[in-house]
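Participant: Fold the following and give me the result.
(chains A and B)
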Amino acid sequence: MTDLTQLGIKAIRDGVADGTFTAREVTEAFNAAVAAADPLNAFLVKTPERALEAADAVDARRAKGEDLGKMGGVPIGMKDLFCTQGVETTAASMILGGFTPTYESTVSQNLWDAGATMLGKLNMDQFAMGSSNETSAFGNVISPWRKSDGGNAALAPGGSSGGSSAAIAARLCPAATGTDTGGSIRQPAAFTGISGIKPTYGRCSRWGTIAFASSLDQAGPMARDVTDCAIMLGAMAGFDPKDATSLDLAVPDWEAALSDDLKGKRVGIPREYRMEGTDPQILESWEQGKAWLKDAGAEIVDISLPHTKYALPAYYIIAPAEASSNLARYDGVRYGLRELPEGAGLQDMYAATRAEGFGDEVKRRVMIGTYVLSAGFYDAYYTQAQKVRTLVARDFEQAWDKCDVILAPTCPTASFALGSLDDDPLTMYLNDVFAVPASLAGLPAMSVPCGLNGDGLPLGLQLVGKPFDEQGVLNAGLAIEKRAGFTAQPEKWWS
Amino acid sequence: MSKYTIQGATGEWEVVIGLEVHAQVTSNAKLFSGASTAFGAEPNCNVSLVDAAMPGMLPVPNRECIRQAVRTGMAIKAQINKYSRFDRKNYFYADLPQGYQISQLYHPIVGEGQLVIDADEKAGIPEDKVIGIERIHVEQDAGKLMHDQHPTMSYVDLNRSGVALMEIVSRPDMTSPAEAGAYVRKLRSILRYVGSCDGNMEEGSMRADVNVSVRKVGDSELGTRTETKNVNSVRFVQQVVEYEARRQVDVLEDGGTVDQETRLFDPGTGTTRIMRSKEDAHDYRYFPDPDLLPLELEDDFLEECRASLPELPDAKRARYIDELGLTEYNARELTAEVETFARFENLLAATASGIGKPEKDVATQVANWALSVAPGIIKSLGEEANPAHATAEAQASILDMQAKGEISGGQAKEIFEIVLKTGREPEEIAEAEGLKQVSDTGAIEAAIDEILANNEDKVEQYKGGKDKLFGFFVGQTMKAMQGKANPAVVNQILKDKLG
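Facilitator: So this is what the prediction gives:
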């Protein structure tokens, strides 16, 4: 029998539907893989029993001849930023230690409604703040990938959705949810040789997803290939009256309209993304990507996004500003951690709880955010950053006159060794330099694997599309995927 | 009465007052959640996941709250901003679960408007005065801390957390405690007409922050102001102004300076004390709430808001004077409160239709009845009266009988007393108790003939020019008729007979 953990969403869904195997068999295979992968630290909570129960329900529905849904019988990993009813949800922070929601996030509910089942909650950077998974309060995720130099240095799976990326790359689950505020789906996808798409802001409801930066946070799927991303995005997305920023638009059938024929499409190459310090191998992969898209029938055009270099600093003002306010609710009063030193008053309790409960990176961003919103600094930082945001969005609007989709690297480097950027948050922040502009503009953007670098580590290429044009992004991604023929997998060293 | 001033050792001072009134929006649900807003529920029973700021919860604006704010804005003739936005006001406190209050700093929903406080000679307001209103914005209320439930801990009740408030900010246009009081009363009246706030100050659905400063009479620059928070009655607002003005004058005349600070009112002593100084003022780090899109109001919505507005106090008062012919005083009294005019208009309609005359023909009679006669009787009966018996129908039927001359004013009162005590029908009472006037000319004529015959000397004197004796004949006739003769008929017959 085939190793079921080698299958993706489509293969599992179709196989369960046509009776090639049962949902229970699939789930048992992945439960076993998860149970054997503790060294990766990808899962914060494992829910094998729940997964089996849900799988049995799918099998029972099949026996009755019922429709199994877009993801019927597909077990997935759930990033721990999504509130799951009855299953501890911490956003990888001590401050939410022991917090078990009484409600289910809209995105996860949509997935269960589509027939997906949950293997467990995935580790991540604390409150989605980080690019390496090292800010998790429960230990960092370790990438399943290792350099081909024969060493065993632990590498970063990317962040913040690093539990998701590691688990998929290691075949612990066929797909997982991610969230992307400034690259948190795309960068870990690129680091681990998988695909991931952040849809247009508003496609996926934010209700029940723990907030980092509200105007940027967007959920999306991470999976093995573009087709699986299209299927899973279709199951996650949809208008939600409980989220005032949700897009009131019908969800297209992205899977059905997938095509790698790019005839008549123009692919923009932004000259400002050719930045100093970018790994030459990344630049090479970018050139290769252009050639593939040309081969798929697209016309390659040079474009300019002149405000690109201001995007990252603007992002690191806006995101922390929103975070400083969004995280104020973690105060020890109603749920999660409460530190109450002997004789402490209210202010002491706040200070002690937050000092104990938040990790260093979260504290850093809360302080940055508080500072940029303070009287006397607001205009110089926050207002200015909002202006930059408007200009970055305008850059894209003007680019759409010349092209239909934009091709760029996902990150400036491949995965790096855990611990190597501990004392250098600014270099860490640079990981997001290519990802952040699309986030600020709310545009759909995805990363697809394009090959391995000289160290045997995966590289990703990024596609950015017009608002609501996830299809254009997915199709260009598919064109690269078909031509790149990326099939590499990490060697299984963890069990 | 002259301008309100404070006599200090160094001269006369005047006071400048601005009010920020927080009015709880009448709505079944909170501003950004579906939770109930009912007053008096058990602690933490009217709390949704959003109100408790659970992780991942999001606010969604409640259309009814927005509608009420817009209608209120229209009622104060204000500019309605078709584009407005919500901002977060960030601070930590246990009654504020989100760690921020959603409010509107930069782009409020209602801009510049005004209201008119009514002239009140006795209170030192010689003529109607226009008070500017700077803005109305909507915001969330906070929860409530309970310090008396546990020896060492405070409890938090989130029932009010997230309830919609309108903050109505006046211009510093008031110059006396009386004006401040009149402003609050008028604003309350408008809110209750519109139905956007129940105006219940005791339950806290309306409360005022009172800004007071003083300056020497004739100075054009404003002095430094203090803000006294959460004052919850008209009388207290006036006391705050009186106390603060006097205090500030004393401070200034002693060579001190008034500090811009936040103060608290103590109703027990009628004084204010410092709550926090300017140095302790929070930096609220306002910024646009990224969970909410800007609020853009469409023309249809505004049209619906406008069409749903009732006749407002000033317009109603003018109509009562111009169309119903009421006195200024009666019109003012009848239009001050929603309940008063509603009772009056019901009674007026029932009376006019009962008698088949236009409303204006009976308006004065009904107004006098509604304002003084009926309340007087109800008050004098005290416990004996059941106000539920004072229906519009019953009172209208009494007024109808009176207007038709079937009963006298005195009989009307007697009948109403019986109605209040027993709930019986007025017509039935008039019949059964013999409380009807005699208009039968035959009976009256017979009585008059007898009186004239028995008083020939007085008839002579009258004819000789002693006109005052006419009253004597009327009195004698009424006495003979046991007070039940229709006075108009008696007068007519007497005049005819005496020539």
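Participant: Quick one: list the elements packing against the host helix or strand of A:G196.
Facilitator: Using DSSP states H and E, A:G196 sits in strand A:195-198. With contacts taken as 3 or more C-beta pairs under 8 Å, 6 or more residues apart in numbering or on different chains; DSSP states H and E, strand A:195-198 sits against strand A:175-180, helix A:186-192, strand A:218-223, helix A:226-236, strand A:445-452, helix A:470-484. C-beta coordinates here come from the backbone N, C-alpha and C atoms, glycine included.
Participant: try 6 Å this time
Facilitator: With contacts taken as 3 or more C-beta pairs under 6 Å, 6 or more residues apart in numbering or on different chains; DSSP states H and E, strand A:195-198 sits against helix A:186-192, strand A:218-223, helix A:226-236, strand A:445-452.
Participant: For chain A, what is the nearest residue in chain B?
Facilitator: Residue nearest to chain A within chain B: B:G99 (2.3 Å; C-beta to the nearest C-beta).
Participant: right, and that residue touches A:A328 too?
Facilitator: Yes: contact criterion C-beta atoms under 6 Å: B:G99 and A:A328 qualify, at 2.3 Å.
Participant: got the residues of the stretch 51-200 of chain B near chain A?
Facilitator: Neighbours of chain A within the stretch 51-200 of chain B, by C-beta under 6 Å from any C-beta of the partner chain: B:52-53, B:55-56, B:58, B:60, B:88, B:90, B:92, B:94, B:98-100.
Participant: burial of the residue lying closest to A:K147 once chain neighbours are set aside, as a residue count?
Facilitator: Spatial nearest neighbour of A:K147, excluding adjacent residues (C-beta to C-beta, 6 or more residues apart in numbering or on different chains): A:D455 at 4.4 Å. By other C-beta atoms under 10 Å in any protein chain shown, the residues close to A:D455 number 15.
Participant: where's the residue nearest the centre of chain A relative to A:C229, distance?
Facilitator: Chain A has A:I185 as the residue nearest its centroid, 2.2 Å off, counting by C-alpha atoms, centre = their mean. Applying C-beta to C-beta, to the nearest Å, the value for A:I185 to A:C229 is 10 Å.
Participant: Remind me what the longest helix seen in chain B packs against, helices and strands.
Facilitator: The longest helix of chain B (DSSP state H) is helix B:234-253. Applying 3+ C-beta pairs under 6 Å, 6+ apart, we find helix B:234-253 packed against strand B:6-8, strand B:11-24, helix B:177-194, strand B:206-216, strand B:226-231, strand B:271-276.
Participant: Output these as CSV; include the columns mean pLDDT.
Facilitator: Output for the helices and strands packed on helix B:234-253, formatted as CSV (pLDDT from 0 to 100):
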stretch, mean pLDDT
strand B:6-8, 92
strand B:11-24, 97
helix B:177-194, 97
strand B:206-216, 97
strand B:226-231, 96
strand B:271-276, 92
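Participant: Tabulate these in a markdown table, adding columns for mean neighbour count.
Facilitator: A markdown table is the format used below for the helices and strands packed on helix B:234-253 (neighbours: other C-beta atoms under 10 Å in any protein chain shown):
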| stretch | mean neighbour count |
| --- | --- |
| strand B:6-8 | 14 |
| strand B:11-24 | 21 |
| helix B:177-194 | 23 |
| strand B:206-216 | 23 |
| strand B:226-231 | 20 |
| strand B:271-276 | 14 |
